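Participant: coords please:
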Amino acid sequence: MSKRNSQANKSAARERLRVERERQAKKDKARKQIVVGVSVVAVLAIAGGVSYGVMQLNKPSAWEAAADAKNVTAPKNTSGTDGTTVVIGKDSAKKTLKLYEDSRCPICASFEQAVGSTIAKDVEVGKYKVQYVGATFIDGDSLGKGTIGTRGEGSKNALSALGAALDVSPEAFLDYKSALYSTKFHPEETDDKFKDDSYLLKVADSVDALKGNKEFRSAVENGTYDEWALKMSKAFDENKDDVTGTPTLVMDGKKVTAEGSENAPMTEAEFNTAITKALKG
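Facilitator: You can find the predicted model right below:
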């Protein structure tokens, strides 16, 4: 091989090596750009996720938003400030029995199961009217199952649904309240079932006036009476009858209790004795 050919071969080899190095450098640069781009996207995605998470944590709950609402939609068949006065019965009835209850209250459930039908009959014949005052304090005292570290919502949600029933009619309200307290549907105090609209609607299906009622269903699912429920709860908290627990019965500013007790009458016989005395007072 001539010296000339040897030099040419070497030059060609060097050129091929240079071209290969340039090609590899471009390839490495492109790969680096892709890695950097992916990393930036990942960082932005994480930052966006964190930002969204923080926003969600700081976002007020539906009940917090309801508490801050300035306008209150009150159900029909109510009166007073924000519609928090709920009186059911004949106009001819001279006296009114105030009934303080919390929908999640187990003692209220026992009371309603034993005495509720008697009260309904008395109201129907005009013996007295009933004024319902709904409380929601159990939401703050008892944690629902699987909600460690959070407060319950069932008392508030059930009260809102009762508002939807009241908007249908006073009779629907009383029947729905009875169903919520029934042995079939009332949950344990620590089981916050009433927080679920689906469960409240299931209970409502047992009430003729509410079963298949689209307006009622919409009001429950949309929380139409959430603000009203909170106002009613506030009315309980600020009551003038010195009531701090449920169930509590009051007539003419005096508590109606079982004979020899400071507690509400828990049997039909105890109730009839107590209400007869109260009506005469």
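Participant: and the gap between Thr96 and Val256?
Facilitator: From Thr96 across to Val256, the span is 12 Å (CB to CB, to the nearest Å). To be clear about C-beta, it is placed using only N, CA and C from the backbone, and glycine gets the same treatment.
Participant: likewise Ile138?
Facilitator: Distance, Ile138 to Val256, by CB to CB: 22 Å.
Participant: so Thr96 and Val256 - more neighbours on which side?
Facilitator: Neighbour count, other CB atoms under 10 Å: between Thr96 and Val256, Val256 has more, with 21 against 16.
Participant: can you pull the pLDDT of the more buried one?
Facilitator: For Val256, the pLDDT comes out at 98.
Participant: gap between it and Val243?
Facilitator: Separation of Val256 from Val243 (CB to CB) stands at 12 Å.
Participant: same thing with Asn77?
Facilitator: 23 Å.
Participant: and if you look at Glu268?
Facilitator: Counting by CB to CB - Glu268 and Val243 are separated by 23 Å.
Participant: and for Val256 and Val243, which residues touch both?
Facilitator: Counting by CB atoms under 8 Å, 6 or more residues apart in numbering, the shared contacts of Val256 and Val243 are Val250.
Participant: those helices in the chain, which residues are they?
Facilitator: In the chain, the segments counted as helices under DSSP state H are 3-58, 62-68, 106-124, 138-141, 154-168, 170-180, 197-204, 214-222, 226-237, 268-280.
Participant: compare the mean pLDDT across those and name the weakest.
Facilitator: The minimum mean pLDDT among the helices of the chain belongs to helix 3-58 (a mean of 52).
Participant: for Lys156, what are its contacts?
Facilitator: With contact taken as CB under 8 Å, 6+ apart, Lys156 is in contact with 63, 136, 139, 226, 229-230, 233.
Participant: again, 6 Å this time
Facilitator: Going by CB atoms under 6 Å, 6 or more residues apart in numbering, Lys156 touches 136, 139, 229.
Participant: hmm, the second one is touching Leu159, no?
Facilitator: Read it as Asp139. No. Checked against CB atoms under 6 Å, the pair Asp139 and Leu159 is beyond contact range at 9.7 Å.
Participant: neighbours of Cys105, how many?
Facilitator: Each residue near Cys105 was counted by other CB under 10 Å, and the total is 23.
Participant: quick one: residues contacting it.
Facilitator: By CB under 6 Å, 6+ apart, the contact list for Cys105 reads Thr246.
Participant: ditto for the one 4 residues further on
Facilitator: Listed by CB under 6 Å, 6+ apart, the contact partners of Ala109 are 181, 186.
Participant: what does Ser155 give?
Facilitator: 102-104, 136, 138-139.
Participant: 10 Å - rerun?
Facilitator: Residues near Ser155 by CB atoms under 10 Å, 6 or more residues apart in numbering: 101-105, 134-142, 192, 194-195, 229, 233, 246.
Participant: so what's Glu259 up against?
Facilitator: Shown in contact with Glu259 (CB under 10 Å, 6+ apart): 265, 269-270, 273-274, 277.
Participant: and for Val207?
Facilitator: Residues in contact with Val207 (CB under 10 Å, 6+ apart) are 165, 168, 171-180, 213, 216.
Participant: will you turn these into TSV that also has distance to Val250 and neighbour count?
Facilitator: Below are the contacts of Val207 laid out as TSV (distance: CB to CB, whole Å; neighbours: other CB atoms under 10 Å):
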residue	distance to Val250	neighbour count
Ala165	23	30
Val168	27	22
Glu171	23	17
Ala172	25	22
Phe173	19	24
Leu174	18	22
Asp175	23	20
Tyr176	23	25
Lys177	18	25
Ser178	20	18
Ala179	25	21
Leu180	22	26
Asn213	32	20
Phe216	30	23
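Participant: which members of these are the farthest-apart pair?
Facilitator: Distances among the contacts of Val207 were taken as CB to CB; the most separated pair is Ser178 and Asn213, at 16.9 Å.
Participant: which ones are touching Ala120?
Facilitator: Contacts for Ala120 (CB under 10 Å, 6+ apart) come out as 88, 112, 130, 171, 174-175, 177-178.
Participant: if you set the cut-off to 7 Å instead, what comes out?
Facilitator: By CB atoms under 7 Å, 6 or more residues apart in numbering, the residues touching Ala120 are Leu174.
Participant: distance of it relative to Glu171?
Facilitator: When CB to CB is the yardstick, Ala120 and Glu171 sit 9 Å from each other.
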